[in-house]
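Novice: Here is my input, please return the structure:
(2 chains)
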Amino acid sequence: MQFIDPHVHMVSRTTDDYEAMRAAGVVALIEPAFWLGQPRTAIGSFRDYFSTLIGWERFRSSQFGIRHYCTMGLNSKEANNEELAEQVMELLPLYATKEGVVAIGEIGYDDQTAAEDKYFRLQIDLAKELDLPILIHTPHRDKKNGTYRSMDVLEEHGCDPTKVIIDHCNEETAQEVLDRGYWTAFTIYPGTKMGNARMVDLMKHYGPERIIVDSSADWGISDPLSVPKTAALMLERGIPEADVRQVTYQNALTAYGQSGQMKESDWLDAPDIDRDQLFSGNSVLRNGRKTTSADNIIEN
Amino acid sequence: MNGTIHHILQRHLSPEGNRWLEGKLSTIEDQAKPRTFYLAFGACPRFLGKQDIRFSEAEYSSFNAVYPNFAATPWSTDELGRILLMCALPHAENQSILDELFVSADYRELMALYKGLYFLGNAQEFTSRAREGLRTNMVGVFDAIALENPFPAQYLSEEAWNQMVLKAMFMQRPMHRIYRIADRKNQPLAEMFLDYAEERRSAHRPVSPELWRFVEGFVGERALGALQQTVTEGNDLERQAGLKVLVTSDYPPARDWLAGSGHATDDLPSWNAIGRRQAERMV
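Specialist: The predicted structure follows:
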């Protein structure tokens, strides 16, 4: 099967991860702009990070046969540094229109402060101005209120819920998010069996409509194979392949494809791996090493 | 020279594309506001499309008058649109406005920017920018500067040119596609390539037959030894390359060795033919 991981922070991952993802069937991924584990102190750090997302990381991914897309935004944690946040807001229009930028995100709330609220709203306006989908990060603490409040603000700004992906949903928030018409995304964190098993139960309960599965793999303990592993467990537990495909591929494509920046033909019509892009100097694929594709590296 | 691009591009754009581009060009020509330029530059694929343009022979000859080697690479609608926007910036300001774009550009934008530099009226002011661009590890961006582009041959110093050519060899790029490669051969470059050949042989790694074209015209004692090894131990392409260098050399020991070796030296392929055959084998 082919998969899309619509939320994964590849700047923190190794080439082993890229090879494993490709071998497991991941054909495209989306890398949301987020924070780096520690706060940035200068606007240049944001600029270089944004440039990496649209340039170097996109190239690095292509060398492993995976199409790379990203979202652009000021994350909620760093919105609390208002002096820097103002400068990031000036930078964003420059990056939000680049090739492969499929949404404004991930934005929303962390501590639910006034500053977070301010920059959340400004970025919703930017997304509307540029007619881009929005990726919402829902907070880890006080999740239920943070999630509902995010949707209230989106509706106050007149956003169409079919252009918004609400991420990091769980058993407690899913029903409300679905009822209000949003794309409802779940991040599968390891210990994977527990995460995967929960997702299978959710699928059995809600079915595949508007449900999206992602890994959110980053610099912490996380698994870049969460999407294919979850798909494997779903199949094993009797969920129809068409439904599995919908939540691990098609829904993400439909939701983010609304940007006009992501089309299935980007990977279906692409050469398997851009061979003329291989080189043996100071690059990603050193010494003319070929990428491998194992038959099956999925184990639950 | 942007009159030529403008005139020809108009014929290949849709009516809506033309209207959009004309609007942006006149706004920028009235007043070069960075934000207007950046947004228009970014939006070119959306409004002009990304398809490669099929030019007529007459169009190619017009282009070749302002941009040598224009016919050697494909050009897309968004790419030429972007270049036209670059050319619309006043020379007094284009460096500062483009510097900002160079550091925030995406992959496709970078390729358009570097392919477009030669079209700028003050192109020579962008020499250090081109050098900076050559430090990239993104192959498409490197190729946009190093291959078929007339900018490096025209504007890079010998030192910068040599670094570019060496890096192209390291990256296994098709050397024959570097524009005016024969005209800019030089002694220090020949020496560096001889070092590189020794390094590769010590590591038991193959030496590209294209390397020897940089040694042609600079054969001395050291080069002769390396060439003898290439002719006696190399594959067919390497042998042909080695012989080509020896046959054109006026270094007496080279001539003597060649005469005594009994190798046939008529019908040797051109350097570009050797490069093309080598590129085919690399795929």
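Novice: Residue 188: what's it in contact with?
Specialist: Here I'm looking at chain A. Contact analysis of A:Ile188 by Cβ atoms under 8 Å, 6 or more residues apart in numbering or on different chains lists A:Gly195, A:Asn196, A:Met199, A:Val213, A:Asp214, A:Ser215, A:Asp223, A:Ser226, A:Val227, A:Lys229, A:Thr230. Glycine gets a C-beta too; all of them are placed from N, C-alpha and C.
Novice: could you do chain B instead?
Specialist: Residues near B:Pro188 by Cβ under 8 Å, 6+ apart: B:Glu158, B:Asn162.
Novice: Let's see that with 6 Å instead.
Specialist: Counting by Cβ atoms under 6 Å, 6 or more residues apart in numbering or on different chains, B:Pro188 makes contact with nothing.
Novice: name the element B:Ala65 belongs to?
Specialist: helix B:57-66 (DSSP states H and E).
Novice: tell me the mean pLDDT for the very next helix or strand once past that helix?
Specialist: With elements assigned by DSSP H and E, the helix or strand that comes after helix B:57-66 is helix B:77-88. Per-region confidence: helix B:77-88 scores 97 on mean pLDDT.
Novice: and helix B:77-88, what does it pack onto?
Specialist: Here helix B:77-88 touches helix B:2-12, helix B:15-30, helix B:34-48, helix B:107-116, going by 3 or more Cβ pairs under 6 Å, 6 or more residues apart in numbering or on different chains; DSSP states H and E.
Novice: Is it correct that B:Ala71 is in contact with B:Tyr60?
Specialist: Yes. Between B:Ala71 and B:Tyr60 a contact is recorded at 4.8 Å, counting by Cβ atoms under 6 Å.
Novice: what about burial for the contacts of A:Ile188, which qualify?
Specialist: When the contacts of A:Ile188 are checked for burial by 16 or more other Cβ atoms under 10 Å in any protein chain shown, the buried set is A:Gly195, A:Asn196, A:Met199, A:Val213, A:Asp214, A:Ser215, A:Asp223, A:Ser226, A:Val227, A:Lys229, A:Thr230.
Novice: so the fourth one sits right up against A:Gln246, yeah?
Specialist: No. Taking contacts as Cβ under 6 Å, A:Val213 lies outside contact range of A:Gln246: 10.0 Å.
Novice: Please list the residues of the stretch 1-150 of chain A that sit near chain B.
Specialist: Residues of the stretch 1-150 of chain A lying close to chain B by Cβ under 6 Å from any Cβ of the partner chain are A:Ser51, A:Ile54, A:Gly55, A:Phe59, A:Leu94, A:Thr97, A:Lys98, A:Glu99.
Novice: what's the offset of the strand or helix carrying the fifth one from the middle of its chain?
Specialist: In this case it means A:Leu94. Secondary structure from DSSP H and E places A:Leu94 in helix A:82-96. From the chain centre to the centre of helix A:82-96 is a distance of 21 Å (Cα atoms, centre = their mean, to the nearest Å).
Novice: Stretch A:183-197 too?
Specialist: Using Cα atoms, centre = their mean, the offset of stretch A:183-197 from its chain centre is 14 Å.
Novice: Buried residues, it. List them.
Specialist: Neighbour-count burial for stretch A:183-197 [16+ other Cβ under 10 Å]: A:Trp183, A:Thr184, A:Ala185, A:Phe186, A:Thr187, A:Ile188, A:Tyr189, A:Pro190, A:Thr192, A:Gly195, A:Asn196, A:Ala197.
Novice: More neighbours: which of B:Ala71 and B:Tyr60?
Specialist: Under the criterion of other Cβ atoms under 10 Å in any protein chain shown, the comparison of B:Ala71 against B:Tyr60 puts B:Ala71 first, with 16 against 12.
Novice: So for stretch B:120-135, what gets flagged as buried?
Specialist: B:Leu120, B:Ala123, B:Phe126, B:Thr127, B:Arg129, B:Ala130, B:Arg131, B:Gly133, B:Leu134.
Novice: Now do that stretch: distance from first to last residue.
Specialist: 22 Å (Cα to Cα, to the nearest Å).
Novice: on that earlier part again, do me a favour and average the pLDDT over the helix holding B:Ala65.
Specialist: Per-residue scores along helix B:57-66 average to 93.
Novice: sorry, back to before: mind checking which of the buried ones among the contacts of A:Ile188 land in helices?
Specialist: Under the assignment DSSP state H, these contribute A:Gly195, A:Asn196, A:Met199, A:Ser226, A:Val227, A:Lys229, A:Thr230 to helices.
Novice: So, low pLDDT: which residues of the stretch 51-200 of chain A?
Specialist: Applying pLDDT under 70 to the stretch 51-200 of chain A flags the ranges A:191-194.
Novice: Strands along that one, start to end?
Specialist: Taking DSSP state E, counting those that start in this stretch to define them, one finds strands in the stretch 51-200 of chain A at A:67-72, A:101-108, A:134-137, A:164-167, A:183-187.
Novice: Between the buried ones among the contacts of A:Ile188, which sits nearest B:Leu84?
Specialist: B:Leu84 lies nearest to A:Asp214 out of the buried ones among the contacts of A:Ile188, by Cβ to Cβ, at 40.5 Å.
Novice: Now do the closest one, the pLDDT please.
Specialist: 97.
Novice: What backbone torsions are found at the nearest residue to it once chain neighbours are set aside?
Specialist: Excluding the flanking residues, the one nearest A:Asp214 by Cβ to Cβ, 6 or more residues apart in numbering or on different chains is A:His7, at 3.6 Å. Phi and psi for A:His7, reported as degrees, to the nearest 10, are phi -160, psi 100.
Novice: quick revisit: by neighbour count, which of the residues of the stretch 1-150 of chain A next to chain B wins?
Specialist: A:Ile54 (26 neighbours).
Novice: one step back: mind listing which of the residues of the stretch 1-150 of chain A next to chain B are in helices?
Specialist: Using DSSP H, the members of those that fall within helices are A:Ser51, A:Ile54, A:Phe59, A:Leu94.
Novice: if we can go back for a sec, could you redo the residues of the stretch 1-150 of chain A next to chain B as CSV and give each row distance to B:Cys44?
Specialist: Formatted as CSV, the residues of the stretch 1-150 of chain A next to chain B follow (distance: Cβ to Cβ, whole Å):
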residue, distance to B:Cys44
A:Ser51, 19
A:Ile54, 15
A:Gly55, 17
A:Phe59, 20
A:Leu94, 15
A:Thr97, 10
A:Lys98, 12
A:Glu99, 10
